[in-house]
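Engineer: need coordinates for the below:
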Amino acid sequence: MEEKTKAPFWKPALIYGLIVGFVSILVSVIFYFLGLSLSRWTSWVSLAVTVVVLVYVLLAYRNEYLGGYASYGKIFLMSLAVGIISSILGAIYTYLLYNVIDPEMADKTRIMAEEGIMNNKRLTESMKEDWIERMDGRFTTAKMVRTALIWGIIISTILGLIISAFVKKEEKIPAQVS
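Structural biologist: As a prediction, this is how the structure comes out:
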């Protein structure tokens, strides 16, 4: 019987995590310079780009490091590691965006959120005031970075659970004839 060698994990996880993170940041920077960073539809475009890049890196991992075959668990663990690394990178970018690149971005985001609440016809005036009161303090840099990190990992985990089901490729073991 052949003995299988153990495929590397952390080096490709770091490389692929950096790729996913930098592509996500690049998309965000493009939207920022186009003045579209506060548009809601850009989140969907960013998510679609992330899905495509994540599928690409998981397929690359399966083909380059695992000989073309991988179980759901191996692919999911890689997607989880890639998601954590890219989320850390995204949180660093969020910090730089709100502190260095555009310190007024937090106020712009808060104002946009308040306008969305005030324009919501389904909410009563007291509900609107309550929502705006709850938003106070949520638009600090520390909370935005923490939110970016936590939600980045959550979204990456959900995407990883789904994408891994499609990227896995089990090796077929031929039946032995007695």
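
Engineer: where does the protein have low pLDDT?
Structural biologist: Where the chain drops to pLDDT under 70, the residues are 1-5, 175-178.

Engineer: so which residues of it form helices?
Structural biologist: Secondary structure of the chain (DSSP state H): helices at 10-33, 41-65, 72-96, 105-118, 125-135, 141-167.

Engineer: want to throw these into TSV with mean neighbour count?
Structural biologist: Bear in mind the C-beta positions are built from the backbone N, C-alpha and C, glycine included. Putting these into TSV (neighbours: other CB atoms under 10 Å) gives the following:
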stretch	mean neighbour count
helix 10-33	17
helix 41-65	16
helix 72-96	20
helix 105-118	14
helix 125-135	12
helix 141-167	16
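
Engineer: let me have those helices in TSV, extended by distance to residue 174.
Structural biologist: Formatted as TSV, these follow (distance: least, CB to CB, whole Å):
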stretch	distance to residue 174
helix 10-33	29
helix 41-65	21
helix 72-96	22
helix 105-118	58
helix 125-135	61
helix 141-167	23
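
Engineer: residue 173: which of these is closest?
Structural biologist: Among the helices of the chain, helix 72-96 comes nearest to residue 173, with 16.7 Å by CB to CB.

Engineer: just how off-centre is stretch 135-144 within its chain?
Structural biologist: 20 Å (CA atoms, centre = their mean, to the nearest Å).

Engineer: stretch 136-146 too?
Structural biologist: The chain centre lies 19 Å from the centre of stretch 136-146; the measure is CA atoms, centre = their mean.

Engineer: gap between the two ends of it?
Structural biologist: Stretch 136-146 has an end-to-end distance of 16 Å (CA to CA, to the nearest Å).

Engineer: what does it contact?
Structural biologist: For stretch 136-146, the external contacting residues (CB atoms under 8 Å, 6 or more residues apart in numbering) are 91, 94-95, 98-99, 106-107, 109-110, 113.

Engineer: if we use 10 Å, what do you get?
Structural biologist: The contact list for stretch 136-146 (CB atoms under 10 Å, 6 or more residues apart in numbering) reads 90-99, 103, 105-111, 113-114, 147.

Engineer: distance-wise, check residue 40 relative to residue 148.
Structural biologist: In this view, residue 40 and residue 148 are 17 Å apart by CB to CB, to the nearest Å.

Engineer: ugh, typo on my part, it should be residue 24
Structural biologist: The value you get for residue 24 to residue 148, if CB to CB is used, is 11 Å.

Engineer: pull up the overlap in contacts between those two.
Structural biologist: Common contact partners of residue 24 and residue 148 (CB under 10 Å, 6+ apart): 87, 90, 93.

Engineer: residues in contact with the second one?
Structural biologist: In this structure, residue 90 makes contact with 20-22, 24-25, 28, 50, 83, 145, 148-149, 151-153, 156, judged by CB under 10 Å, 6+ apart.
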